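Q: with the sequence up front, the predicted model follows.
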Amino acid sequence: MVTGATGFAGGHLCRRLRAKGKQVRALARPTSDTSGLEALGVEIALADVTDARAVEKALEGVDTVYHLAAAFRRQSLPARVYREVNVGGTLNMLRAATHHGVRRFVHCSTVGVHGILSAVPADETAPQEPVDVYQRTKCEAERLAFEHFADTGLPVVVVRPAGLYGPGDTRFLKLFRQIQRRRFVMLGSGEVLYHLTYIDDFVEGLELCAEKAEAVGQAYIIAGAAAVTLNELAATIARALQVPVPRWHVPVTPLWVAGLLCEVALKPLGIEPPLYRRRVDFFRHHRAFDISKARRELGYAPSTSLEAGLRSTAQWYKGHGWLS
């Protein structure tokens, strides 16, 4: 069973599992487009993770659960939706998995549960200090997963991915476009560290968490081989696009204040702000992680270099006519 299967990571996971001959059932909302999954031979269970009865029915006969469904960051999304999906939905999945005697429950969390890092690279023992509703609800969902493991023995593994990217994802499209059009301006020094994870490496990490006996009851950070500075990231994207490396820098603080003002003015109106603090924080805070535990206990070894991953992402964007 894969939840969040119509999303970026869930879709890649389903393709990988089907390519290996696995029987896959995807939990999908009735409003979701499941045609691509059905073409892969994925069985579709139409249900929302917030519907406990439907979830329990959907998990009948399931051996392994990959729980990737989540309410992700959108400024206009009410806090109650994050709680209903990320916390309530996870609890429904855990209870149903326990009821059906699932062999392994892989819960996808996020490195965001660690909040703003006080030291880098951070490992799984770093303090959990979430700073927004998405991070807080993901942190609470993790606690539920570990409590369920302790109380019921459900074989739970928690995965904390960092900066997912690759063909199929559009979160970095704006950055690629700005660099392609030579309009990208770095906020601040550009020496802030950022950690990316190519989608194929992440899916490999998920599978290892489902297979390794040592993983039960543990949390693992899954990320690329190493973090890079934002200057290095921008330069690598520029090389993938065969355009000049961006050179312009502007102070970051005024943009952060502008983001705050946008949020204050537009959020009460239900309008997605064109600029908000979280986007500016991308340029302000280090996000670098230590994957030693996953290497040591899972045999996890990210195999896609940043250059190769960004190149394939650029090619995918170009193939869709999104870069010009």
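A: Thanks, I have it. Remember, predicted model here, so these are calculated numbers, not experimental data.

Q: run through the strands of the stretch 201-324 of the chain in chain order.
A: Secondary structure of the stretch 201-324 of the chain by DSSP state E, counting those that start in this stretch: the strands cover 219-222, 228-229, 249-250.

Q: who touches the last one?
A: Spelled out, it's strand 249-250. Surrounding strand 249-250, the residues in contact under the criterion Cβ atoms under 8 Å, 6 or more residues apart in numbering are Val185, Met186, Leu187, Gly188, Ser189, Gly190. Glycine gets a C-beta too; all of them are placed from N, C-alpha and C.

Q: top of these by neighbour count?
A: In terms of neighbours by other Cβ atoms under 10 Å, the contacts of strand 249-250 top out with Leu187 at 21 neighbours.

Q: give the contact list for that residue.
A: Neighbouring residues of Leu187 by Cβ under 8 Å, 6+ apart: His249, Val250, Pro251, Val252, Leu255, Val280, Phe283, Arg284.

Q: counting neighbours, which of those end up buried?
A: Neighbour counting with 16 or more other Cβ atoms under 10 Å marks Val252, Leu255, Val280, Phe283 as buried within the contacts of Leu187.

Q: among the residues you listed, which pair sits farthest apart?
A: Among the buried ones among the contacts of Leu187, the pair separated by the greatest distance (Cβ to Cβ) is Leu255 and Phe283, at 8.1 Å.

Q: that older thread, can you redo the contacts of strand 249-250 as CSV with distance to Ala213, pLDDT and secondary structure?
A: CSV is the format used below for these (distance: Cβ to Cβ, whole Å; pLDDT from 0 to 100; DSSP: H, G, I helix; E, B strand; the rest coil):
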residue, distance to Ala213, pLDDT, secondary structure
Val185, 49, 92, coil
Met186, 45, 93, strand
Leu187, 45, 90, strand
Gly188, 45, 91, coil
Ser189, 45, 93, coil
Gly190, 43, 95, coil
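
Q: show the low-confidence segments of the protein, by residue range.
A: For the chain, residues meeting the criterion pLDDT under 70 lie at 73-76, 267, 269-270, 274-276.

Q: now distance to Phe105 too, for the strands of the stretch 201-324 of the chain, in a markdown table please.
A: As requested, those are exported to a markdown table (distance: least, Cβ to Cβ, whole Å):
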| stretch | distance to Phe105 |
| --- | --- |
| strand 219-222 | 13 |
| strand 228-229 | 33 |
| strand 249-250 | 45 |
